[in-house]
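[1] need a 3D model of the following:
(chains A and B)
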Protein chains: 2
Amino acid sequence: MDFSIIMTDLSVYIEHLTKEARQASFAMSIASSEAKSFALNAIAARLDASRDQLKSANAKDLERSSDAGLEQALIDRLKLDDIAIDQMVEGIAQVDRLADPIGEITDLSFRPSGIQVGRMRVPLGTIGIIYESRPNVTADAAALCIKSGNSCILRGGSEAIESNREISKAITGALKETDLPNTAVQLVDTVDREAVGQLLKADEDIDIIIPRGGKGLIERITRESSIPVIKHLDGVCHVYIDESAEIKMAIEIALNSKASKYAVCNAAETLLVDSCMASDVLPMLGQEYKKIGVEIRGCKQVAELISDITLAIDEDWHEEYLGPVIAIKVVDGLAEAIEHINAYGSHHTDTIVTNNYENSRQFLKAVDSATVMVNASTQFADGFEFGLGAEIGISTDKLHARGPVGLEGLTTQKYVVFGHGEVRHR
Amino acid sequence: MDFSIIMTDLSVYIEHLTKEARQASFAMSIASSEAKSFALNAIAARLDASRDQLKSANAKDLERSSDAGLEQALIDRLKLDDIAIDQMVEGIAQVDRLADPIGEITDLSFRPSGIQVGRMRVPLGTIGIIYESRPNVTADAAALCIKSGNSCILRGGSEAIESNREISKAITGALKETDLPNTAVQLVDTVDREAVGQLLKADEDIDIIIPRGGKGLIERITRESSIPVIKHLDGVCHVYIDESAEIKMAIEIALNSKASKYAVCNAAETLLVDSCMASDVLPMLGQEYKKIGVEIRGCKQVAELISDITLAIDEDWHEEYLGPVIAIKVVDGLAEAIEHINAYGSHHTDTIVTNNYENSRQFLKAVDSATVMVNASTQFADGFEFGLGAEIGISTDKLHARGPVGLEGLTTQKYVVFGHGEVRHR
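    Numbers count the residues shown, from 1 in each chain, chains lettered A, B, ... in the order given. Alright, predicted model coming up:
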């Protein structure tokens, strides 16, 4: 069915999309690496050749959003100019260059019965991706799903509908040139918000939901979904400066974790300092933060060492500022730091600065977060920095995928058994 | 709080248990291998020393169940005699001998930025186990959760409440001799069915629910739980005899997959035979099945080759008989077999008997099940046969754990980063 057909009944439309996606997932799961690579190249080529159409569709989105009074930051993210199109095309080429994760067999070993048992990496099946604003996600997500042998349903924000339609047209057109099903990637082509609710109930045909966007979107999806969701809500990340930290290193990591970028989930929001280090690092660090315009909210002991700060209230220890503000607390050693992080943090990314061997091991073991670091900036918590070659999101959940999620997060494993006629004797 | 206190308010009681479990999970997550081993040995010793109390508590359960007219198979499973106690004690010793999965770091590699990134295996946190009948699950599950550094809440069937109470008393008593929190293992000490409903809503404090029991129990739990559930509902397993199968091997695997044990989830329920093999294997196999009392429900082509069989109806292809009945269908080659399995199966365990290299690879790749085999009996799908050293259940879900679930299924991984002062430059 052509997706331009106007559907009068939303639930019929969504059911149609999800059934098509499930059907396409079977063909995708057995697609060869060559076929997937051919498809990715065809998509990149078509997007490259559709620049005029992409830019004129995007112009409509920009105009409508501007008329509707959308804030400038969102409009900037919506913009699809030649640079953004270059990035989209290069992004697909990057995904194409990654190793195909599918079919990898690991841990293959013979058992006393004679059978040989191992695990094979296979696609999840059908992936629903629900996102806001940036139209490039349409191409990025499609590329990752194709590479990992999944089919996907993409639901972008209504503000980007014209751009997403045009990108999706290029993808579908390219898939039609290949042996893969052209329903491997489908855009939900309606701005009706209820479409999201319908998708989240399609647990027969969608295996996992990945939301990308603001906290409000993610909370709504988690609440409504009967399908497992890969998500993180908050990035309340911590830097803990331990008793034996090297002062220069501690200051650099505390600054960089906060300020390398502010509006990212791996930015530090709270700094904890061992009481015996407080007078050594806080006065200097206070000056440095002030120099770059970072506001400090500290406990009483911090206020004694750094002048003109705001006293922190309990909410500050929970807060994800996503901006030039940092909460600072003096703690009585490692145990209190760990307890604070596990109680107030968001289980995203936390780092200790230390030169104490036992403390480094204790911190790694006891901090219950997706990423735990020693002597490194929290801002490294990222799929590319970790060598995953891609990132579809960061998970603070414990099941399936935890931390930066790359291609592997879009796959699962099944057991495979190689026998030569073995039967079980009981 | 002593668990014998009578709680007037169920929800207060369950909240108390779950909060205690969460608190205990922190201490469990950093417990040393030695401490966990000491606890397991203490539990085994105490169970061994409590034989009289265990048997007299069990006698009360047996009497009550017998009076209530519980069917004999369930009463047999409920029975705790010296042999069952020996098995329970030996089971704990076996778990103790397994390698500690916690703290293992894998895939540690240096990145261009200078940081070294790897993954550390860590406990899930708090595990809820809901089960029926067999009281030995109380000890087995406790041992696996302790070994994997988790705390757990155990909810056994009301028919086994006296036995479970006595086992739990031994466990708690043993834990009190150790440095581990004695709330690491807690029994829900009420027969109120609503306790299960309350547990399933404690998503703040329980990380995963593992049900063990009949389909009705598992369906109820899956429906009601706001916590992720590791489960399988059905084991509709298939044997497919491919064109090039060796006849003797095909017959042995078809017989063993059905009849090594009947009432197990990895027993084959449907046999598919390539049409070109049908006349070679079916008459002989029909005789063999009849010899051991297995009823055959077959398609028309099967009825032409085996006399006096029941014609299969569509429901037979979905059916988990768990008894001496097998559905047999002649198919037109590998593609139809795969399609049938993916459409009618339960994604549990399926095997192909073949000597065709390409077909074996295609079957492994395209059958969407937790375990896919070549030339081996489906009845090998089992944590012990696969070398996991333990089995807490079998999962037919795709996320987190798939197939037989051992200790690893009770754990997750977090990223760990070792730096020496690296900061991120953007």
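[2] all helices of the stretch 101-250 of chain A, in order?
    Ranges of helices within the stretch 101-250 of chain A are A:136-147, A:161-176, A:194-200, A:215-224, A:247-259, based on DSSP state H, counting those that start in this stretch.
[3] which stretch among the ones you listed is buried most, on average?
    helix A:136-147 (a mean of 25; mean count of other Cβ atoms under 10 Å in any protein chain shown). Every residue, glycine included, has its C-beta placed from N, CA and C.
[4] show me what it is packed against.
    Here helix A:136-147 touches helix A:33-49, helix A:82-97, strand A:126-131, strand A:151-155, helix A:161-176, strand A:185-187, going by 3 or more Cβ pairs under 8 Å, 6 or more residues apart in numbering or on different chains; DSSP states H and E.
[5] tell me the angle it makes with helix A:161-176.
    Using axes from the mean of the first three to the mean of the last three Cα atoms, to 10 degrees, the inter-axis angle of helix A:136-147 relative to helix A:161-176 is 20 degrees.
[6] give me the mean pLDDT for helix A:136-147.
    For helix A:136-147, mean pLDDT rounds to 96.
[7] ditto for stretch A:15-28
    96.
[8] same thing with stretch A:209-223?
    89.
[9] so how far is that stretch from its chain's centroid?
    In terms of Cα atoms, centre = their mean, to the nearest Å, the centre of stretch A:209-223 is found 12 Å from the chain centre.
[10] how about that stretch as CSV, C-alpha atoms only?
    Provided in CSV are the C-alpha atoms of stretch A:209-223 (Å, rounded to 0.1, in the frame of the first residue of the first chain):
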residue,chain,number,x,y,z
ILE,A,209,10.4,0.7,21.4
ILE,A,210,13.2,3.2,21.4
PRO,A,211,12.2,6.8,22.3
ARG,A,212,14.5,9.7,21.5
GLY,A,213,13.5,13.1,22.8
GLY,A,214,12.6,15.0,25.9
LYS,A,215,11.8,13.6,29.3
GLY,A,216,8.1,14.2,28.8
LEU,A,217,8.0,12.1,25.7
ILE,A,218,10.0,9.3,27.3
GLU,A,219,7.8,9.3,30.4
ARG,A,220,4.7,9.1,28.4
ILE,A,221,6.0,6.2,26.3
THR,A,222,7.2,4.2,29.3
ARG,A,223,3.9,4.6,31.0
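[11] check whether it comes near chain B.
    No - Stretch A:209-223 does not reach chain B (Cβ under 8 Å from any Cβ of the partner chain); its nearest approach is 10.1 Å.
[12] hmm, who's touching that stretch?
    A:127-133, A:137, A:141, A:157, A:196, A:199-200, A:225, A:227-234, A:392-393, A:405 (Cβ atoms under 8 Å, 6 or more residues apart in numbering or on different chains).
[13] what sits against the residue of the stretch 151-300 of chain A found nearest chain B?
    Nearest residue of the stretch 151-300 of chain A to chain B: A:N256, at 3.6 Å (Cβ to the nearest Cβ). Residues in contact with A:N256, defined by Cβ under 8 Å, 6+ apart, are A:377, A:379, B:423-424.
[14] from B:I392, how far out is it?
    Distance, A:N256 to B:I392, by Cβ to Cβ, to the nearest Å: 43 Å.
[15] again with A:M373
    32 Å.
[16] swap in A:F38?
    A:F38 sits 43 Å away from B:I392, going by Cβ to Cβ.
[17] where do the domain boundaries of chain A fall?
    Domain ranges of chain A: A:10-230+A:405-416, A:237-380, per automatic domain parsing.
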